[in-house]
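Participant: What follows is a protein structure lacking sequence information:
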């Protein structure tokens with residue numbers, strides 16, 4: 001799975017630095033890094049690679065909470081215990097019907113990646 005540019009967010013910064021969102025005073029996305037000011041700490045730089053890794057780790061963690069329940073051709077039904085809904089992953093097109101995938105697409109990610117897509121990839125890998 002190819003990593004791509006993921007926009008920095010206060011939530012991601014808090015996870016990466018292990019701080020509270022409320023303590024983040026300021027952040028600016030620069031060319032290859034994000035400049036961050038956290039209350040009680042010296043200013044720091046976070047590479048965009050750290051944001052990519054955080055994005056993927058968050059979805060990998062979420063993939064453990066969903067279940068592939070049916071498949072037909074390149075379409076997989078994935079049940080989310082949290083929302084009690086079934087989302088459809090199309091592996092041919094590389095899409096999902098979940099709100100996270102739509103949100104990432106609207107934010108400009110070329111290839112959005114959600115926990116449902118990751119779970120289907122794991123399912124296919126185990127079946128092979």
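Facilitator: Here it is on my side, so go on. These numbers come from a predicted model, not from an experiment. Numbers count the residues shown, from 1 in each chain.

Participant: Which parts of this protein are strands?
Facilitator: Assigned by DSSP state E, the strands in the chain fall at 24-29, 33-38, 44-47, 66-72, 75-80, 85-90, 95-96.

Participant: partner strands of the first one, parallel or antiparallel?
Facilitator: The reference is to strand 24-29. Its sheet considered, strand 24-29 pairs with strand 33-38 (antiparallel) by DSSP bridges.

Participant: what sits up against the strand it pairs with?
Facilitator: By C-beta atoms under 8 Å, 6 or more residues apart in numbering, the surrounding residues in contact with strand 33-38 are 8, 13, 17, 19, 23-28, 43-48, 51. All C-beta spots, glycine's among them, are computed from the backbone N, C-alpha and C.

Participant: Please list only the buried members of those residues.
Facilitator: For the contacts of strand 33-38, a burial check counting by 16 or more other C-beta atoms under 10 Å picks out 8, 13, 17, 19, 24, 27, 46, 48, 51.

Participant: residue ranges with poor pLDDT in this structure?
Facilitator: 1-5, 128 (pLDDT under 70).

Participant: ok, now with 50
Facilitator: 1-3 (pLDDT under 50).
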